[in-house]
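[1] Below is the structure, and that's it, no one-letter string:
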């Protein structure tokens, strides 16, 4: 969740410097407006018109860059994750590989805790996830564009740990990652329990070493 | 999720047989109407009036038994879980304790898979969960009345396994259960992957024995 794929279809920045700067300002205003609106009124009542009005741009500007409100929102989230990583002084879309799996997983999950507690992220993200639960098409797009790319980073990290002999070679990494990622996601989404560094550290301990005595 | 607490405030059945039968019929009609409505129009647009009209009862009948639409829905779900357990020939609200933790967890999670794939349960449950994501009060009620009581059954089962030496004595059972319950919940809620007996069996294996080599 902390780590996500970079935006694929950001607006072109190949025009003249002035227009580039203006585009960049508009793009940021559109992202901010989209995230604020979806948090305030929910996904169904968020419209391209509403985003345009709030961002102070014409709606044709939005349609020129994105085919739908879902696409605007997906990229707004990717951009947000990128900003958050930069502010934290981290490489975005990366899980560290120091050779110590336990330490690396604890570090990236602590970053995710910070992100989940960031109010800029929490309200719009919850609104999008909620809509994804009942709107199957949006849900699948949300998973494909935002969630799954970040989970694949864990797959890669676990594969490298398998090669290093730190994870059993017969495990499916795509399932294994869920032992520590899904509990955090459920606590955050459904308010089923508090979220802290201690909690995510514990998840990593339990998942790596198992519940049964060794 | 498969196992849930029994309804606390079901309508009284101490009146005369005829009125009892009539009450029971009304109660069932109200539950069915509430679940169908929330699945079709979502939680915000589900009303006591709408439930009453669809169930063919006066809205005073509903208000006599339940203070709010949230309460009707919570009990409708508890009733549904009870019915499903009966149909499967299982004791409702129980996790088996045969002395074999691994077998017991696999059995109860397979039952949960069946329940999650049951269309009577899936659509209304998803609608309620979605609303719980953005409506914090409803979310907390959903967790307190439906989710947490069923999770406490896992806590009890894990404690008994700790006493039997099958789970490390220093683990917090309330966190430990999330290693196999939350992945299933997330796949189901967010469509992040397929759900099957093989999948839940794998979760139990990974959680009990850990990802690191033994």
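    Perfect, thanks for sending it. All figures in this text were calculated on a predicted structure; none of them were measured in a lab. Residues are numbered from 1 along each chain as shown, chains lettered A, B, ... in the order given.
[2] Which helix in chain A has the most residues?
    Counting by DSSP state H, the longest helix found in chain A is helix A:17-41.
[3] which other residues reach the very next helix or strand once past it?
    Once helix A:17-41 ends, the next helix or strand along the chain (criterion: DSSP states H and E) is helix A:48-55. Taking contacts as CB atoms under 8 Å, 6 or more residues apart in numbering or on different chains, the residues outside helix A:48-55 that touch it are A:26, A:29-30, A:32-34, A:36-37, A:41, A:58-59, A:61-63, A:68-69, A:72. Using the backbone N, CA and C atoms, a C-beta is placed for each residue, glycine as well.
[4] Quick check on those: which are buried?
    Neighbour counting with 16 or more other CB atoms under 10 Å in any protein chain shown marks A:26, A:29-30, A:32-34, A:36-37, A:61-62, A:69, A:72 as buried within these.
[5] Go through the residues you listed and name the one nearest chain B.
    Using CB to the nearest CB, residue A:37 is the member of the buried ones among the contacts of helix A:48-55 that sits closest to chain B, with 13.7 Å.
[6] check contacts around the residue in chain A positioned nearest to chain B.
    Chain B sits closest to residue A:210 of chain A, with a gap of 2.6 Å, by CB to the nearest CB. Neighbouring residues of residue A:210 by CB under 8 Å, 6+ apart: B:207-212, B:214.
[7] Mind giving me the packing neighbours of the longest helix of chain A?
    Secondary-structure packing of helix A:17-41 (3 or more CB pairs under 8 Å, 6 or more residues apart in numbering or on different chains; DSSP states H and E): helix A:48-55, helix A:59-65, helix A:69-87, helix A:119-134.
[8] Show which residues not belonging to that helix make contact with it.
    A:10-13, A:15, A:46, A:50-52, A:54-57, A:61-62, A:65, A:69, A:72-73, A:75-77, A:79-80, A:120, A:123-124, A:126-128.
[9] which of the residues you listed count as buried?
    For the contacts of helix A:17-41, a burial check counting by 16+ other CB under 10 Å picks out A:11, A:46, A:50-52, A:54-55, A:57, A:61-62, A:65, A:69, A:72-73, A:75-77, A:79-80, A:124, A:126-128.
[10] Mind telling me what element residue A:180 is part of?
    Using DSSP H and E, residue A:180 falls within helix A:178-190.
[11] Who are the packing partners of that helix?
    Secondary elements touching helix A:178-190 (3+ CB pairs under 8 Å, 6+ apart): helix A:101-116, helix A:197-209, helix B:119-134, helix B:178-190, helix B:197-209.
[12] Most tightly packed of those?
    Ranked by mean neighbour count under mean count of other CB atoms under 10 Å in any protein chain shown, the helices and strands packed on helix A:178-190 are led by helix B:178-190, which reaches a mean of 24.
[13] what pLDDT, on average, does it get?
    Averaged across helix B:178-190, pLDDT comes to 96.
[14] same deal with stretch A:207-214?
    For stretch A:207-214, the mean pLDDT works out to 96.
[15] Can you give me the end-to-end span of that stretch?
    End-to-end span of stretch A:207-214 (CA to CA, to the nearest Å): 13 Å.
[16] contacting residues for the nearest residue in space to residue A:118 that is not next to it in sequence?
    In space, and not counting its chain neighbours, residue A:118 is closest to residue A:84: 6.5 Å by CB to CB, 6 or more residues apart in numbering or on different chains. Going by CB under 8 Å, 6+ apart, residue A:84 touches A:2, A:114-115, A:118, A:121.
[17] for chain A, which spans come out with low pLDDT?
    Residue ranges of chain A with pLDDT under 70: A:1-17.
[18] about what we covered before: distance to residue A:162 for the helices and strands packed on helix A:17-41 - can I get that in a markdown table?
    Below are the helices and strands packed on helix A:17-41 laid out as a markdown table (distance: least, CB to CB, whole Å):
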| stretch | distance to residue A:162 |
| --- | --- |
| helix A:48-55 | 44 |
| helix A:59-65 | 41 |
| helix A:69-87 | 26 |
| helix A:119-134 | 31 |
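[19] hang on, residue A:125 packs against residue A:77?
    Yes. Contact criterion CB atoms under 8 Å: residue A:125 and residue A:77 qualify, at 6.8 Å.
[20] so residue A:43 sits right up against residue A:128, yeah?
    Yes. The criterion here is CB under 8 Å, and residue A:43 meets it with residue A:128 at 6.3 Å.
[21] between these two, what contacts are shared?
    Common neighbours of residue A:43 and residue A:128 (CB under 8 Å, 6+ apart) are A:73, A:138.
[22] so what's the backbone phi/psi at residue A:212?
    Main-chain torsions, residue A:212, degrees, to the nearest 10: phi -80, psi 150.
[23] Next up, the contacts around it.
    Taking CB under 8 Å, 6+ apart, we find residue A:212 in contact with B:166-168, B:208-210.
[24] Please report the distance of it from residue B:189.
    Distance from residue A:212 to residue B:189, counting by CB to CB, to the nearest Å: 28 Å.
[25] Repeat that for residue A:22.
    Distance, residue A:22 to residue B:189, by CB to CB: 41 Å.
[26] just residue A:90 next, same as before
    According to CB to CB, residue A:90 and residue B:189 sit 28 Å apart.
[27] try residue A:132
    In this view, residue A:132 and residue B:189 are 9 Å apart by CB to CB.
[28] Check residue A:181 too.
    Noted for residue A:181: a distance of 14 Å to residue B:189, by CB to CB.
[29] about what we covered before: between the contacts of residue A:210, which sits nearest chain A?
    For those, the minimum distance to chain A (CB to the nearest CB) is 2.6 Å, reached by residue B:210.
[30] Now the residue lying closest to that closest one once chain neighbours are set aside: phi and psi?
    With sequence-adjacent residues excluded and distances taken as CB to CB, 6+ apart, residue B:210 is closest to residue A:210, at 2.6 Å. Dihedral pair for residue A:210: phi 80, psi 160, per degrees, to the nearest 10.
[31] Provide a list of residues in contact with the nearest residue to residue A:122 once chain neighbours are set aside.
    Once flanking residues are discounted, residue A:122 sits nearest to residue A:116: 6.5 Å by CB to CB, 6+ apart. Neighbouring residues of residue A:116 by CB under 8 Å, 6+ apart: A:1, A:122, A:184, A:188, A:195.
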